[in-house]
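Chemist: predicted model, plus sequence, below.
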Amino acid sequence: MESLYRVCAGHSLLPRSLHIELGDNLAGAPSRRGGFGEVWKRDYRGQQVAVKVLKVYEDSDLRKVTRRFCKEFITWKFLRHPNVLPLLGVIMSGNQLMMVSEWMPNGNITEFVKTHENVNRLELLVGVAKGLVYMHEQKMAHGDLKGVNILIDGNANARLADFGLLSIMPDNTDRLSSKSLTQPQAGTLRWMSPELLDSKSLNNRRIRPTESSDCYALGMVVYEVLSGDVPFFRYGAFQAVLRVLKGKRPKRPTGAKGAWFNDDIWSVLEHCWKSTPSDRLEATDVLLCLEKGSRSWSPPHAMDSDSSAEDSTDESMSYASFDAASLESSTGFSSVGKPSIVLVVVGAQKNPKANSEARESHQPVVSRRVIEEVCIFGQRKCR
């Protein structure tokens, strides 16, 4: 495949298998609008497809844009995963570049959770994390992970879309300035990691998204989907950037919006948002936490109907975070290396009094009998 990349990039051409002819123009109003372009709903070979017309500006060289994005187009075409939106092909006409993909009837994930209040948001996020893990296994960074770029198919599965688009837009969107904040990149700044927001990085095309910056963005997506708010929703885009560069991160929601955020999920988000890329979690670590949380999830009406659920004798698993040293002293487990945090699967004790005392001391309830697995970030050790 590398040889195909080189040949296509060298001639600023895409493989013939990527070219699509729809046979009709894009008359009428678009079905959807986004930061990178407008989307039309069309029929192609008996199926409904989305045709996204990218905003390639008049002073842009389409051949240059094609060469820059050649690898992403080809890689995307060959990706096969239930949580990744398939790319059917590309249409090139004049100075217009259009992408054709399957039509996702349920819109994006942020729209979907607002109109489906009882949906298991953690299960949707499990799909997001699975898609990202798959992309990283293919040595491909998404580069623009946020709620509007995660679509929901007809079976309510999350599909990652629009990866790599930020890197192909004209150079006048690169600079972090008042002008750039009206361009497509401005809509992504809230999810971008500090190293990508640095002014030198924004003006250097060689600084590209990485798996680590994807995991930072994944933490922001989890925050966005569970809280219903974009990161730093109280601030404008430029103010949000300044806060990130100063080491600030979103605050933990309270009240109804904080219902989805237990201590364990919030701890994972904080580790996704570390300023140093090497200190962040990997997508597989986030996936593990989300899967545990999703399995113990119950619909809102079920949770509200039993106010004493925390004192229940149910042996269902929950996900808790511990300091490595305290875990060793309390359970006899020995950690490998020097992890800063350990995730462990725990269950409720049958003693309500013990549970109550643990809650008052803000400590998770742990029973050695039900510890099934110890997960040390970067290294797993299971019993």
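Modeler: Structure's in. What do you need? Not measured: the values here are computed from a predicted model.
Chemist: how about low-confidence regions in the stretch 101-250 of the chain?
Modeler: The stretch 101-250 of the chain contains residues with pLDDT under 70 at 164-187, 199-207.
Chemist: how about the strands in the chain?
Modeler: For the chain, applying DSSP state E gives strands covering 32-33, 37-44, 47-54, 87-93, 96-102, 150-152, 158-160, 317-322, 342-347, 373-376, 379-382.
Chemist: in this structure Q47 contacts V100, no?
Modeler: No. Q47 is beyond contact range of V100, at 10.6 Å (criterion: C-beta atoms under 8 Å). Glycine gets a C-beta too; all of them are placed from N, C-alpha and C.
Chemist: of the two, which one has the most company?
Modeler: Set side by side, Q47 and V100 show more neighbours around V100, with 22 against 10, by other C-beta atoms under 10 Å.
Chemist: so how far is L290 from that one?
Modeler: From V100 over to L290 the distance is 31 Å, taken as C-beta to C-beta, to the nearest Å.
Chemist: cool, P277 as well?
Modeler: From P277 over to L290 the distance is 21 Å, taken as C-beta to C-beta.
Chemist: more neighbours: these two, which one.
Modeler: Neighbour comparison, P277 and L290: the larger count goes to L290, with 25 against 16 (by other C-beta under 10 Å).
Chemist: need the contact list for the more buried one.
Modeler: Contacts were defined as C-beta atoms under 8 Å, 6 or more residues apart in numbering; by that measure L290 touches 122, 125-126, 129, 222, 265.
Chemist: need those in CSV with neighbour count and distance to L22, can you?
Modeler: What follows is the contacts of L290, written out as CSV (neighbours: other C-beta atoms under 10 Å; distance: C-beta to C-beta, whole Å):
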residue, neighbour count, distance to L22
L122, 21, 38
L125, 28, 34
V126, 23, 35
A129, 24, 34
V222, 25, 37
I265, 23, 43
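Chemist: so which of these belong to helices?
Modeler: Using DSSP state H, the subset of the contacts of L290 located in helices is 122, 125-126, 129, 222, 265.
Chemist: which of these sits closest to Q138?
Modeler: Closest approach to Q138 among these (C-beta to C-beta): A129, at 15.2 Å.
Chemist: run a quick neighbour tally on the closest residue to the closest one other than its chain neighbours.
Modeler: Excluding the flanking residues, the one nearest A129 by C-beta to C-beta, 6 or more residues apart in numbering is L287, at 3.9 Å. Neighbourhood size, L287 [other C-beta under 10 Å]: 21.
Chemist: so L287 versus I152, what's the distance?
Modeler: 18 Å.
Chemist: got it, and R243?
Modeler: 30 Å.
Chemist: ok, the two, which is more surrounded?
Modeler: I152 (23 against 16).
Chemist: quick one: that one and A158 touch, right?
Modeler: Yes. Contact criterion C-beta under 8 Å: I152 and A158 qualify, at 6.2 Å.
Chemist: list residues touching both of these two?
Modeler: With C-beta under 8 Å, 6+ apart, I152 and A158 have common neighbours 109, 124.
Chemist: residues touching R249, list them.
Modeler: 270, 273.
Chemist: nope, I150 is what I meant
Modeler: Counted by C-beta under 8 Å, 6+ apart, I150 has contacts 108-109, 128, 158-161, 221.
Chemist: so in terms of bridging, what pairs with it?
Modeler: Assessed by DSSP bridges, I150 has beta-bridge partners L160.
Chemist: any idea how far P253 is from it?
Modeler: Distance of I150 to P253, computed by C-beta to C-beta: 20 Å.
Chemist: domains of the protein?
Modeler: Following automatic domain parsing, one finds the domains of the chain at 1-103, 107-297, 306-382.
Chemist: D279: how many residues sit nearby?
Modeler: 12.
Chemist: okay, the nearest residue to it once chain neighbours are set aside: pLDDT?
Modeler: Excluding its sequence neighbours, the residue lying closest to D279 (C-beta to C-beta, 6+ apart) is H271, at 7.6 Å. Reading off the confidence values, H271 has pLDDT 98.
Chemist: now H271: how far from L218?
Modeler: In terms of C-beta to C-beta, H271 sits 11 Å off from L218.
Chemist: higher neighbour count, these two?
Modeler: For H271 versus L218, neighbours defined as other C-beta under 10 Å are more numerous around L218 (28 against 21).
Chemist: might you report the residue contacts of the more buried one?
Modeler: Counted by C-beta under 8 Å, 6+ apart, L218 has contacts 128-129, 132, 145, 272, 283, 286.
Chemist: can you list the ones in helices among the contacts of L290 in JSON lines and add distance to P194?
Modeler: Converted to JSON lines, the ones in helices among the contacts of L290 look like this (distance: C-beta to C-beta, whole Å):
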{"residue": "L122", "distance to P194": "27"}
{"residue": "L125", "distance to P194": "23"}
{"residue": "V126", "distance to P194": "27"}
{"residue": "A129", "distance to P194": "22"}
{"residue": "V222", "distance to P194": "18"}
{"residue": "I265", "distance to P194": "22"}
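Chemist: residues near K41, how many?
Modeler: Count around K41 with other C-beta under 10 Å applied: 14.
Chemist: same thing with H116?
Modeler: 14.
Chemist: mind listing what the spatially closest residue to it that is not a sequence neighbour touches?
Modeler: Nearest residue to H116, sequence neighbours excluded (C-beta to C-beta, 6+ apart): A156, at 7.9 Å. Residues in contact with A156 (C-beta under 8 Å, 6+ apart) are 106, 112, 116, 119, 124.
Chemist: apply 10 Å and report the result again.
Modeler: 106, 112, 116, 119-120, 123-124, 127 (C-beta atoms under 10 Å, 6 or more residues apart in numbering).
Chemist: out of these, who's the most crowded?
Modeler: Going by other C-beta under 10 Å, G127 tops the contacts of A156 with 25 neighbours.
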